[in-house]
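> sequence and computational prediction follow.
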Amino acid sequence: MSLDELKKEAFKNPHFKKEYDALEDEFQFIATLLTMRQKAGLTQDLLAEKMGTTTRSIIRLESGSGNPGWKTLQKYAHACGFKIQLQYTH
């Protein structure tokens, strides 16, 4: 079974779909981090070196298993050549 087929099957369960949808913002945030790093042409190892941290820290950040502070997010963005901004919507 492919990942798309598995996802389609899982979405038939309303509880699963609700929980998945609740994580949408987090998934989008992680995708944004990955896009920044890829556009910068950096590997996780190179990014870690530029930030003065470990590759394991980058992996945790990009997997969503960490809880980074604002300064860490700024360092990540700057190391990739980007500026990070906070926005809100209602």
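Everything's here; your move. Numbers count the residues shown, from 1 in each chain.

> so the most centrally placed residue in the chain, which of the three states?
Centre of the chain computed as the mean C-alpha position; nearest residue by Cα atoms, centre = their mean is I30, 1.4 Å away. Under the three-state scheme (DSSP: H, G, I helix; E, B strand; the rest coil), I30 adopts helix.

> that one against G64, yeah?
Yes. The pair I30 / G64 is scored as a contact, 5.2 Å apart, by Cβ atoms under 8 Å. For glycine as for every other residue, the C-beta is placed from the backbone atoms N, C-alpha and C.

> for the strand or helix carrying L46, enumerate the helices and strands it packs against.
Applying DSSP states H and E as the criterion places L46 in helix 44-51. Where contact means 3 or more Cβ pairs under 8 Å, 6 or more residues apart in numbering; DSSP states H and E, helix 44-51 is packed against helix 55-63, helix 70-79.

> any chance of the ones you listed in CSV, with mean neighbour count, distance to E49 and mean pLDDT too?
As requested, the helices and strands packed on helix 44-51 are exported to CSV (neighbours: other Cβ atoms under 10 Å; distance: least, Cβ to Cβ, whole Å; pLDDT from 0 to 100):
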stretch, mean neighbour count, distance to E49, mean pLDDT
helix 55-63, 16, 9, 95
helix 70-79, 15, 9, 96
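
> redo those as CSV? Include distance to T89.
Below are these laid out as CSV (distance: least, Cβ to Cβ, whole Å):
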stretch, distance to T89
helix 55-63, 24
helix 70-79, 19
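
> quick one: stretch 20-36 to chain centroid distance?
In terms of Cα atoms, centre = their mean, to the nearest Å, the centre of stretch 20-36 is set 5 Å apart from its chain centre.

> now what about that stretch, what contacts it?
10-11, 61-64, 76-77, 80, 82 (Cβ atoms under 8 Å, 6 or more residues apart in numbering).

> hmm, try it at 10 Å
Stretch 20-36 is contacted by residues 7, 10-11, 13, 42, 47, 58, 61-64, 68, 73, 76-77, 79-82, 84 when judged by Cβ atoms under 10 Å, 6 or more residues apart in numbering.
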